[in-house]
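In: following is a predicted model, sequence given first.
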4 protein chains.
Amino acid sequence: MEDSHTEYSRRLNYYETDQMGIIHHSNYIRLFEEARLDMMKKVGLDYRVLEEMGIIIPVTFAECRYLVPLRFDEEITIHTRMTKYDGIKMEVSYEVYKTGKGELCTTGKTGHCFLDKELQPIRMKRRYPELFLKLKGMMEVSVNGADIK
Amino acid sequence: MEDSHTEYSRRLNYYETDQMGIIHHSNYIRLFEEARLDMMKKVGLDYRVLEEMGIIIPVTFAECRYLVPLRFDEEITIHTRMTKYDGIKMEVSYEVYKTGKGELCTTGKTGHCFLDKELQPIRMKRRYPELFLKLKGMMEVSVNGADIK
Amino acid sequence: MEDSHTEYSRRLNYYETDQMGIIHHSNYIRLFEEARLDMMKKVGLDYRVLEEMGIIIPVTFAECRYLVPLRFDEEITIHTRMTKYDGIKMEVSYEVYKTGKGELCTTGKTGHCFLDKELQPIRMKRRYPELFLKLKGMMEVSVNGADIK
Amino acid sequence: MEDSHTEYSRRLNYYETDQMGIIHHSNYIRLFEEARLDMMKKVGLDYRVLEEMGIIIPVTFAECRYLVPLRFDEEITIHTRMTKYDGIKMEVSYEVYKTGKGELCTTGKTGHCFLDKELQPIRMKRRYPELFLKLKGMMEVSVNGADIK
């Protein structure tokens, strides 16, 4: 079975560096957000539309391991995978590479829940069965190894 | 007549630097926001309360001149003044010093209007006469040179 | 004569919003940096290479006017122009549009000087005549209206 | 035995919010940095001085759990503890509270190593025995429960 993930690429900005001469470690949490929302949009889950529907998906935890420092103007590619989804919670993992190179530079994971505008949990399967299936589909893709792009 | 201004101090953070080894120029716009909201709170205009009342005060323009670079862990003091207020628009000016030193490091100015939640202009004098007077008071203080603290 | 500018596009991120529901005003200064470095790279002035050569180009002033608020997930296009260059200083102007739409949302201008690693001014014409000509070329393009892309 | 930690307090800024109306999750990693550098300074380890000596202390991992969302203008207090230090690596833990309240809002942990300017590991015990003892002292305080402030 093939590896399954979504890829998101962009160049690193000058304002993302710090005086150590590398990308400041807090910015990877922002890169993960970009990659995650890109992955969701690619399967038809546009976060802007979800918020307009009254669904918010806050972050419950975030983890990041910094293996190789990244620098200004390097182009990176993030491999993003849905690793858990049970209708209540989801987990997403991230691998950051310099575009076109094999060395793993950063890994990360974030956890999420699904809330309504009053910050109450949403049972996705009951309230939004179609969205539930799309999210579950992303999960199965990761398990089965099919490419979701 | 004495000079009139509000003073706001804090230390500069590591994550605010860039690889030039100085505070990234975009962060001064954020420092101005901190100093402006601090000035308003000191005369009883708590921005959190204003937003809860349905008043938002967006920025219509921002200007900054960088005279002396600032660095990680330096403590700065910002001198903030209301320079214009006519009930529809306000302008605020900023001077950034290293705390306890006379050299002017950065100057700036921001412009603001008063909107309701539908982003429509608010006539402060008619709708919120008490707030109007507080804001006007800040302006007169600047003109008259009395210390508003 | 045609209009002359470089265009830089990207989508706005969730983490760039604030609780007003719009892109926080400080982030436009960062967008201008992205657009400016992109414009310079397109004429062969790679800022990473310039810094490695010992040339830094700090910002001496920044100005921004906020005409129409921008929001999460909107794609913007920034039109960037070199408006002044005399070998010592340069000025760059910015116009921000929603991609494919004619309405001007934000305008801005930044000023810059050329310093060595000891933060001393560099006379570009004498020290780096080839770079001087590239920079001057960008300026003439703006004056003449030829497209530099 | 008493609990041992360093406390760091500050107010949360408007520009740290996102359109969910809460502090954006990436900013906690920055708050942790502020609290960590404050803790080190309080035992005589000024990070600015360390960098001038040629010691850099990059982050090897960061973790954060978001229990209760925090909002603009709330004052928070971070309880910071050195939880591991062996001369090569250190780990620091964080607990974020609203100042004066008992409810735990956020927890986190960061890992660090000690590098020279060529990004090579430093054996602190051999190269900087005095700094080694200060760092070890912070660790023992955590174990023994004495207050290091």
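Out: On my side now, so go ahead. Source: prediction; values computed, not measured.
In: contacting residues for the residue nearest the centre of chain A?
Out: Residue closest to the mean C-alpha point of chain A, counted by CA atoms, centre = their mean, is residue A:36 at 2.4 Å. Shown in contact with residue A:36 (CB atoms under 8 Å, 6 or more residues apart in numbering or on different chains): A:80, A:92, A:94, A:110. C-betas here are computed from N, CA, C, even on glycine.
In: dump the residues you listed to JSON lines, plus distance to residue B:57, secondary structure and pLDDT.
Out: Formatted as JSON lines, those follow (distance: CB to CB, whole Å; DSSP: H, G, I helix; E, B strand; the rest coil; pLDDT from 0 to 100):
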{"residue": "A:80", "distance to residue B:57": "38", "secondary structure": "strand", "pLDDT": "97"}
{"residue": "A:92", "distance to residue B:57": "36", "secondary structure": "strand", "pLDDT": "97"}
{"residue": "A:94", "distance to residue B:57": "37", "secondary structure": "strand", "pLDDT": "98"}
{"residue": "A:110", "distance to residue B:57": "33", "secondary structure": "strand", "pLDDT": "98"}
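In: which residues in chain A form helices?
Out: With DSSP state H as the criterion, chain A has helices at A:27-42, A:47-52, A:124-127, A:129-144.
In: the first one versus helix D:27-42: what angle between them?
Out: Helix A:27-42 and helix D:27-42 are oriented at 170 degrees to each other (axes from the mean of the first three to the mean of the last three CA atoms, to 10 degrees).
In: so which bits of chain A are right by chain B?
Out: A:14-15, A:17-22, A:24, A:26, A:72 (CB under 8 Å from any CB of the partner chain).
In: which one among the residues you listed gets closest to residue D:67?
Out: Set against residue D:67, the nearest of these by CB to CB is residue A:26 (19.4 Å).
In: how long is stretch A:92-108 end to end?
Out: End-to-end distance for stretch A:92-108: 8 Å, by CA to CA, to the nearest Å.
In: for the residue sitting furthest away from the middle of chain A, what are phi and psi?
Out: Distance from the centre of chain A peaks at residue A:19, with 27.5 Å (CA atoms, centre = their mean). Dihedral angles of residue A:19 (phi, psi; degrees, to the nearest 10) stand at phi -70, psi 0.
In: spatially nearest residue to it (excluding sequence neighbours)?
Out: Distances taken as CB to CB, 6 or more residues apart in numbering or on different chains put residue B:17 closest to residue A:19, at 4.0 Å, once the chain neighbours are dropped.
In: relative to chain B, how far out is the nearest residue to residue A:90 once chain neighbours are set aside?
Out: Of all residues not flanking residue A:90 in the chain, residue A:112 sits nearest, at 4.9 Å (CB to CB, 6+ apart). Distance, residue A:112 to chain B, using CB to the nearest CB, to the nearest Å: 24 Å.
In: hang on, the earlier thing: the residue farthest from the centre of chain A reaches residue B:21, doesn't it?
Out: Yes - at 4.7 Å, residue A:19 counts as touching residue B:21 under the criterion of CB atoms under 8 Å.
In: turn the contacts of residue A:36 into a markdown table, including neighbour count.
Out: Converted to a markdown table, the contacts of residue A:36 look like this (neighbours: other CB atoms under 10 Å in any protein chain shown):
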| residue | neighbour count |
| --- | --- |
| A:80 | 27 |
| A:92 | 24 |
| A:94 | 25 |
| A:110 | 23 |
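In: what separation do you get for residue A:63 and chain C?
Out: With distances taken as CB to the nearest CB, residue A:63 is found 17 Å from chain C.
In: quickly list what that residue is bridged to.
Out: Following DSSP bridges, residue A:63 is listed with bridge partners residue A:109, residue D:63.
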